[in-house]
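Student: Give me the fold of what follows.
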Amino acid sequence: MTVTIYHNPDCGTSRNTLAMIRQSGVEPVVIEYLKTPPSRDRIVELVSTAGMSLRDSIRQKDTPYAELGLDDMSLTDDALLDAIEAHPILLNRPFVETSVGTRLCRPSEAVLDILENPDIGPFTKEDGEVIVDAEGKRVV
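Tutor: Residues are numbered from 1 along each chain as shown. Okay, here's the model as predicted:
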């Protein structure tokens, strides 16, 4: 099984997602998307296969979203892609692709829905939030 994560190592959600993938027994292909941004076509493919709109894939927090006026709902997808291309930090993360599906894994435990082996055993996020308890049950 190939798993690919579009990862930002400075992001706790992305680090937690990567840790869950690894705990499932898979070493994923890790693409640090700020160093190696996906192409426009790749972004469109990721967003589409995740069942999202391009606008829903844009990160607002800690990005130039407001300064660029991206809250203007009349902007086309091409204009949004131009902004993401110029500022890759605008693409929300982490996107994960597996043979089961593609997701924007926010929250990080969304990755469990697309792993071939979602029974990862106990897992606690970096912030102390328990995701899977000692009995292997997902905590809601």
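
Student: switch to C-alpha atoms for all contacts and neighbour counts from now on
Tutor: Will do.

Student: residues in contact with the residue nearest the centre of the chain?
Tutor: The residue lying closest to the centre of the chain (CA atoms, centre = their mean) is residue 94, at 1.9 Å. Contacts for residue 94 (CA atoms under 8 Å, 6 or more residues apart in numbering) come out as 5-8, 13-14, 17, 104-106.

Student: which one of the residues you listed is nearest residue 46?
Tutor: residue 104 (8.8 Å; CA to CA).

Student: quick one, phi/psi of the closest one?
Tutor: Taking degrees, to the nearest 10, you get phi -90, psi 110 for the backbone angles of residue 104.

Student: Tell me who's in contact with it.
Tutor: Contacts of residue 104 by CA under 8 Å, 6+ apart are 50, 57, 92-96, 110.

Student: Could you do residue 115 as well?
Tutor: Contacts of residue 115 (CA under 8 Å, 6+ apart): 21, 24, 98-100.

Student: any chance of those residues in JSON lines, plus secondary structure?
Tutor: Formatted as JSON lines, the contacts of residue 115 follow (DSSP: H, G, I helix; E, B strand; the rest coil):
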{"residue": "21", "secondary structure": "helix"}
{"residue": "24", "secondary structure": "coil"}
{"residue": "98", "secondary structure": "coil"}
{"residue": "99", "secondary structure": "coil"}
{"residue": "100", "secondary structure": "coil"}
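
Student: For those, which single residue is the most surrounded?
Tutor: residue 21 (26 neighbours; other CA atoms under 10 Å).

Student: My guess is that residue contacts residue 30. True?
Tutor: No: counting by CA atoms under 8 Å, residue 21 stays clear of residue 30, with 10.8 Å between them.

Student: list the buried ones in stretch 117-134?
Tutor: 118-123, 125, 131-132 (16 or more other CA atoms under 10 Å).

Student: Restricted to strands, list the residues you listed.
Tutor: Judged by DSSP state E, the buried residues of stretch 117-134 include 123, 131-132 as members of strands.

Student: could you pull out the helices for the chain?
Tutor: Assigned by DSSP state H, the chain shows helices spanning 12-23, 40-49, 77-86.
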